[in-house]
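Asks: what follows is a protein structure lacking sequence information:
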DNA sequence: GCCATTGATGAGTAATTGCCCATGAGCAAA
DNA sequence: TTTGCTCATGGGCAATTACTCATCAATGGC
């Protein structure tokens, strides 16, 4: 006898329960009796549907304050695309809100009929955004990673973005089989000379749109936490005026790439051109204020998804 | 107009509250203190956001479309229970998908704690469904067949459902020791007068839930293929406007039982009452479109398990 | 075969939410 | 100014939902 009550069947049930709860507006009691299960089980299915992201909620109202902040930011920094989500003062998350917004924006691009090249960086924020993506089929598009997923110890960083994206989005995807930082500029040249890497670099240069996180520096910043840089290297960078990084490319408070040996060791692809393509930074939070400010000041990105609190800082400084 | 700006400001607040509630996942209490209002006001804003459709919920799962079709069918035809499974365009099977779904639904009923009477019809679809049932013990329930399993030549039809069901489900079961069609209404009365048959008929009339196939007519339909009706009898029925049959009971395109001598010879139990019990039809496929349409239009069934393709036909005609 | 692990389940309970109602502010007409 | 109306408000309470815990069955490794 075939066993049917398995994971996929359970997800089906979760979808059904979630639909009945959120779309049809039934109570969990009603769902329980309709599906012949206990109320507790119905509750579990509903929360499973949420946890598995079968249920997507989006807010379809331009909050005036956010729109206004967005407009001001767009004007002040000459940005192509700005999206501001409300701040949640009680939350310490660095992704809530902007991840959903970024996912919507990614989805918008992927739904275009004409073939595009979509590039992604890496980082926790971007990972959170990609995790919000629904399943999409878009065989015409290509998705390329600007940066590698290999940690100094040889393992793949858990928040590598492009593989998570490949789970949800059916498109050709091009990972970058490199670390973020190598030991010397010579090693970088060597690695970049490999055929596979070269073709991936070539594709990334044609990106129509790029989504990147913006990293703060400091010993709590991602480059240190993930072990790409030692503490003393970081301190040296800070002394040299470093303000933030995108895909490992380190820039100063004016958003200019730092003329520093460490930038010679960055193995990521260059950030696609801001004058001919869209490069959207996704970041929020006090710790990143300085890095974000620098990135948009120096046009390392020409688009930004952030929250109200951050937007207010950017406008007032 | 001051009023207007106040209203839009209120919608703005509603959007913000809705965002905090659904996207950021805060409780209404937290939202209230964050926005400096009472909890009740926060609740009102959240429900306003829903009422004004600022909050859009979407279900990201293959069965989302099915649920929507099911909902529309339920409304349009006043059905109690609708289940739509995805169509498999590459398959010519008339049972794949709906058999599994029907089995799940049967299982759901059989798992109920309170004793029920479950009635079944016959047919290939139902047989396929019953073959999907796992072993269940439910000594409290009774399972009754609405229709006989004896072919005109005296043999038992291979797809008789109740005996297959008895293999999997441990419950009292009541077969109907009759043919589907007898030679005359007099013979029917005679057979129905037998004690054994009478008690089975009585049980079937108390059915809480009934699962039946919906048969199409025509010389390739089950009644002809299985030799219950001769070709010329079938042709005559078609001329009389017959559109489909359930347990041998033949109905026209409006789903009304046909006033025809052949219906006088049907030895099956009457289909249990649709106003006080659940009668679920299981059928899909182009050849059955007309029969299914008729059955739900005329309330021969008040529940339906079918596939997307069929559901779309039923909604568009 | 035996045991640890995983995961589902239902009961019980705490937390959260929805709703009714009395109140009072704001406002227009008398 | 008064009256009457509308509507937002918060208290109170019932309904609903979320969570914890103990149990149990299935699974997989030893």
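Replies: Perfect, I can see it now. Remember, predicted model here, so these are calculated numbers, not experimental data.
Asks: now the strands for the stretch 101-250 of chain A?
Replies: Here the stretch 101-250 of chain A has its strands, by DSSP state E, counting those that start in this stretch, at A:117-120, A:136-150, A:169-179, A:209-213, A:242-246, A:249-252.
Asks: could you export those strands as TSV, including mean neighbour count and distance to residue A:228?
Replies: All C-beta atoms are positioned from the backbone trio N, CA, C, and that covers glycine. Formatted as TSV, those follow (neighbours: other Cβ atoms under 10 Å in any protein chain shown; distance: least, Cβ to Cβ, whole Å):
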stretch	mean neighbour count	distance to residue A:228
strand A:117-120	25	18
strand A:136-150	21	10
strand A:169-179	20	8
strand A:209-213	28	14
strand A:242-246	28	10
strand A:249-252	22	11
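Asks: and the ones you listed: which comes nearest residue B:76?
Replies: strand A:136-150 (30.5 Å; Cβ to Cβ).
Asks: returning to that earlier point: want to throw the strands of the stretch 101-250 of chain A into CSV with distance to residue A:191?
Replies: Listed next are these as CSV, based on distance: least, Cβ to Cβ, whole Å:
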stretch, distance to residue A:191
strand A:117-120, 19
strand A:136-150, 9
strand A:169-179, 6
strand A:209-213, 21
strand A:242-246, 20
strand A:249-252, 16
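Asks: for residue B:165, find the nearest of those.
Replies: Nearest of the strands of the stretch 101-250 of chain A (Cβ to Cβ): strand A:136-150, 40.2 Å.
Asks: can you tell me which helices and strands that closest one packs against?
Replies: Packing partners of strand A:136-150 (3 or more Cβ pairs under 8 Å, 6 or more residues apart in numbering or on different chains; DSSP states H and E): helix A:98-110, strand A:117-120, helix A:161-168, strand A:169-179, helix A:195-205.
Asks: can you tell me which of those is nearest to residue B:235?
Replies: Ranking those by proximity to residue B:235 (Cβ to Cβ) places strand A:169-179 first, at 50.9 Å.
Asks: circling back: reformat the helices and strands packed on strand A:136-150 as a markdown table; add distance to chain B and mean pLDDT.
Replies: Below are those laid out as a markdown table (distance: least, Cβ to the nearest Cβ, whole Å; pLDDT from 0 to 100):
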| stretch | distance to chain B | mean pLDDT |
| --- | --- | --- |
| helix A:98-110 | 6 | 87 |
| strand A:117-120 | 20 | 93 |
| helix A:161-168 | 10 | 83 |
| strand A:169-179 | 13 | 85 |
| helix A:195-205 | 28 | 89 |
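Asks: what's the domain layout of chain A?
Replies: Chain A breaks down by automatic domain parsing into domains covering A:7-51, A:64-316.
Asks: gap between the shortest one and the chain center?
Replies: Right, domain A:7-51. 30 Å (Cα atoms, centre = their mean, to the nearest Å).
Asks: check what pLDDT residue A:4 gets.
Replies: In this model, residue A:4 is scored at 38, pLDDT.
Asks: likewise for residue A:155?
Replies: With respect to pLDDT, residue A:155 scores 59.
Asks: what of the one 4 residues further on?
Replies: Looking at residue A:159, its pLDDT stands at 67.
Asks: and the residue nearest to the spatial centre of chain A, what does it touch?
Replies: Of all residues in chain A, the one closest to the mean position by Cα atoms, centre = their mean is residue A:126, 1.5 Å from it. Contact analysis of residue A:126 by Cβ atoms under 8 Å, 6 or more residues apart in numbering or on different chains lists A:102, A:120, A:159, A:161, A:211, A:212, A:213, A:282.
Asks: cool, residue A:48 as well?
Replies: A:10, A:11, A:14.
Asks: out of those, list just those in helices.
Replies: For those, the ones inside helices are A:10, A:11, A:14, with DSSP state H as the criterion.
Asks: which one, of the helices and strands packed on strand A:136-150, ends up nearest to DNA strand D?
Replies: helix A:98-110 (18.3 Å; Cβ to the nearest atom of the strand).
Asks: just give the closest residue to the single nearest residue of the stretch 101-250 of chain A relative to chain B, not the sequence neighbours.
Replies: Per Cβ to the nearest Cβ, residue A:134 is where the stretch 101-250 of chain A lies closest to chain B, at 4.1 Å. Counting by Cβ to Cβ, 6 or more residues apart in numbering or on different chains, residue A:134 lies nearest to residue B:60, which is 4.1 Å off, once chain neighbours are set aside.
Asks: which of the contacts of residue A:126 lies closest to residue B:150?
Replies: residue A:161 (65.4 Å).
Asks: number of nearby residues for that closest one?
Replies: 29 (other Cβ atoms under 10 Å in any protein chain shown).
Asks: from residue B:244, how far out is it?
Replies: Using Cβ to Cβ, to the nearest Å, residue A:161 is found at 54 Å from residue B:244.
Asks: and the closest residue in space to residue A:42 that isn't next to it in sequence, what does it touch?
Replies: Counting by Cβ to Cβ, 6+ apart, residue A:32 is the residue found nearest to residue A:42 once chain neighbours are left out, at 3.9 Å. Residue A:32 is in contact with A:38, A:39, A:41, A:42, counting by Cβ under 8 Å, 6+ apart.
Asks: burial of the residue nearest to residue A:134, as a residue count?
Replies: Residue B:60: 18 neighbours (other Cβ under 10 Å).
Asks: show me the contacts for it.
Replies: A:53, A:54, A:55, A:56, A:134, A:135.
Asks: quick check, nearest of these to DNA strand D?
Replies: residue A:55 (11.3 Å).
Asks: can you pull the phi/psi pair for the closest one?
Replies: Backbone torsions of residue A:55, given as degrees, to the nearest 10, read phi -100, psi 120.
Asks: wait, isn't residue A:129 in contact with residue A:94?
Replies: No - using Cβ atoms under 8 Å, residue A:129 is not in contact with residue A:94, being 11.7 Å away.
Asks: neighbour count winner among these two?
Replies: For residue A:129 versus residue A:94, the count of surrounding residues by other Cβ under 10 Å is larger for residue A:129: 28 against 20.
Asks: residues contacting the residue nearest to the more buried one when sequence neighbours are not counted?
Replies: Excluding the flanking residues, the one nearest residue A:129 by Cβ to Cβ, 6+ apart is residue A:102, at 3.7 Å. By Cβ under 8 Å, 6+ apart, the contact set of residue A:102 is A:125, A:126, A:129, A:132, A:211, A:280, A:282, A:305.
Asks: near DNA strand C at all, the host helix or strand of the residue nearest to residue A:42?
Replies: Here residue A:32, judged by DSSP states H and E, is contained in helix A:28-35. No - Helix A:28-35 is not in contact with DNA strand C by Cβ under 7 Å from any atom of the strand; minimum separation 8.5 Å.
Asks: from residue A:242, how far out is residue A:139?
Replies: Taken as Cβ to Cβ, the span from residue A:139 to residue A:242 is 41 Å.
Asks: no further queries at this time; thank you.
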